[in-house]
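J.: fold the following and give me the result.
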Amino acid sequence: MAKSEQSADAPGKRRTWWHPLLVRVLNFELSSAYEVQDELLVGKMPLRVDILLIRRASGQVSEGARRDLSVLLPLLSQFTVIEFKGPTDRLRKGDFAQLLGCSLLWHSQQRKRVSATDMSLVVVAPKITRSFRADLSQLNARAVRCSTGIFRVEGWPLDIWVVETDPIAELGESVLSMFSRVFLQDRERIIQGLMETGSVSLLYYVLQ
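T.: Okay, the predicted model is just below:
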């Protein structure tokens, strides 16, 4: 990863310009129905989750967002913690354990009890790696493929999902396509597909 794409952050936690862009896009698409929080600190030490989505009590997801986020929306709960790896990053050893640890720390700090059924964890990354699968295995979990680019992590009493942006991009899903390696390699095709599917406002928002 080029140094110019990194910013100063907590030890062991990489952050690129893709991260704030995804946060802004999620807020652009989901602000009517979700509160989008960026890098929520979960303790006195520099432990944080990448993105937290909180479902608004009376919010409604727009038709445009349902189209643009057709893959991600079914995976969201009342509280959704997102671990994000951009197209210039990958899943590494320890990422799964860190996601679990930070998520459970956040859960322990809530004044009002949060049921396991109201919470989900979503990993968004270009592809599942061997290191990530090895981490799952060490924690008695495994990733089971549900559909193209969508995996459910079994073995834990939480809804945990992995979304691979590269195969999702080939399906034409609007938002995640722009955060894939496919977009870096063939952006003209992705942009043309977004225009053809009516996601013009989203495209202009990202390009700005």
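
J.: how about the helices in this protein?
T.: Along the chain, the segments classed as helices by DSSP state H run 18-30, 63-68, 95-108, 130-138, 165-171, 174-177, 181-185, 187-196, 200-207.

J.: excluding its backbone neighbours, what's nearest Leu91?
T.: Sequence neighbours aside, Phe132 is the residue nearest to Leu91 in space, at 4.0 Å (criterion: Cβ to Cβ, 6 or more residues apart in numbering). (Each C-beta comes from the backbone N, C-alpha and C, glycine too.)

J.: burial of Thr88, as a residue count?
T.: 16 (other Cβ atoms under 10 Å).

J.: gap between it and Thr165?
T.: 12 Å (Cβ to Cβ, to the nearest Å).

J.: can you check Ser201 too?
T.: Applying Cβ to Cβ to Ser201 and Thr165 gives a distance of 21 Å.

J.: pick out whichever of those two has more residues nearby.
T.: Neighbour count, other Cβ under 10 Å: between Ser201 and Thr165, Thr165 has more, with 26 against 12.

J.: next one: stretch 143-156 to chain centre, how far?
T.: Counting by Cα atoms, centre = their mean, to the nearest Å, stretch 143-156 is centred 15 Å from the centre of its parent chain.

J.: then stretch 26-39?
T.: Chain-centre distance of stretch 26-39: 12 Å, with Cα atoms, centre = their mean.

J.: for it, measure first residue to last.
T.: With Cα to Cα, to the nearest Å as the measure, the first residue of stretch 26-39 is 14 Å from its last.
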